[in-house]
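Student: only the shape, not the letters, is given here:
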């Protein structure tokens, strides 16, 4: 599970300790954090981070949602893709030179070179699924892919057109103040937990609440400091700086920055890295290791605990259950993300939320009593 910031380059609506509990209540047995450096990335790095952790945990299968719904179609495309790697890479460069964003250039290149494929590579979950399966091959993992078809709501759908299924985008829109309830689209315990968080902390986490902090960071940074931020390329950071002076809210800022070349998500990820002051050097030093170098355990059920006990001799990565002097440096980027994430809260609530990073995990869930505890 992503931590405080997500792959779309935005803060999670509620923090990871709340979402860990929700995942356990929904049937997950182990909840592992995908570190910030992987969770706020484009699809290929995001997928590599997730797959490397699951492979280290000795999982047998990886199951992902997709618009396609048939795993055989993915494997057929990947087989074809290997045979046409050079041609596809050439097409990607051509489409990038024409001004397309990388995701658009990638999917268009696949469409052009793999015309016989049955997989619709214009759809985001299908693209992510390709990267998951390629990451399995990259790590020479014994894991197998499985997929569940996404139905009724597309990835970017902002409206609710089904009586019980909605996209994450639509649910976030409702939570921002749409005159509608999320009750029909999430389990009752999810709705209750979100309401409890609002009552306890006073707000949910949306980009607009971080805009003053983003402005401050941009206005007090030198040209060189902004250029060193991860994903600041081709002068995009200067475009952000110019736009932030004249916007009244986050929506205005994004609209003024967006171009054909840079997707909304790509820009949000840059803004997230500016907000957290994450540099190109900081990211590169971790990504050069190829695999995620540790397992951060956020929560587990009794079955999850049994699984870890059974596999622990086979798992060759450290499993972090607490933050201490030995691992604090390795977890520094995630700690920084939590401090940044908490910044829009009142001072006392900031301290309370930051404290969860050090004292709450792993969260233990007793399925029979529906109770949580700290190990």
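Tutor: Received the coordinates, thanks. This one's a predicted model, so the numbers in the text were calculated from it and none came from an experiment.

Student: ok so residue 195 is a strand residue?
Tutor: No - under DSSP: H, G, I helix; E, B strand; the rest coil, residue 195 falls outside any strand and is assigned helix.

Student: who does the helix or strand encompassing residue 298 pair up with?
Tutor: In this structure, residue 298 sits in strand 295-301 according to DSSP states H and E. Using DSSP bridges, the neighbouring strands of strand 295-301 in the sheet come out as strand 30-32 (antiparallel), strand 319-320 (parallel), strand 363-366 (parallel).

Student: any chance of these in TSV with mean neighbour count, mean pLDDT and distance to residue 2 as columns?
Tutor: Placement of C-beta: from N, CA and C, glycine included. Formatted as TSV, the strands paired with strand 295-301 follow (neighbours: other C-beta atoms under 10 Å; pLDDT from 0 to 100; distance: least, C-beta to C-beta, whole Å):
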stretch	mean neighbour count	mean pLDDT	distance to residue 2
strand 30-32	22	98	11
strand 319-320	17	96	17
strand 363-366	19	96	16
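
Student: distance to residue 311 added to those strands, as JSON lines?
Tutor: Rendered in JSON lines, the data for those read as follows (distance: least, C-beta to C-beta, whole Å):
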{"stretch": "strand 30-32", "distance to residue 311": "10"}
{"stretch": "strand 319-320", "distance to residue 311": "10"}
{"stretch": "strand 363-366", "distance to residue 311": "18"}
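
Student: still on that earlier bit, for the next helix or strand after the strand holding residue 298, buried residues please.
Tutor: Once the chain leaves strand 295-301, the next helix or strand it forms, by DSSP H and E, is helix 302-311. Residues of helix 302-311 classed as buried: 304, 305, 307, 308 (neighbour count, 16 or more other C-beta atoms under 10 Å).

Student: so the residue in the chain sticking out farthest from the centre, which state does it fall into?
Tutor: In the chain, residue 116 marks the outermost C-alpha relative to the chain mean, sitting 31.5 Å out by C-alpha atoms, centre = their mean. Counting by three-state DSSP, the backbone at residue 116 sits in coil.

Student: now residue 91
Tutor: State at residue 91, reduced to three classes by three-state DSSP: helix.

Student: that one: neighbouring residues, count only.
Tutor: Summarising burial for residue 91: neighbours were counted as other C-beta atoms under 10 Å, giving 19.

Student: let me know the pLDDT of the spatially closest residue to it that is not a sequence neighbour.
Tutor: Using C-beta to C-beta, 6 or more residues apart in numbering and skipping residues adjacent in sequence, the residue nearest residue 91 is residue 109, 3.6 Å away. You'll see residue 109 listed with a pLDDT of 95.

Student: now for the strand or helix carrying residue 109, which elements pack on it?
Tutor: Residue 109 is located in helix 102-113, with elements delineated by DSSP H and E. Secondary-structure packing of helix 102-113 (3 or more C-beta pairs under 8 Å, 6 or more residues apart in numbering; DSSP states H and E): helix 85-97, helix 124-138.
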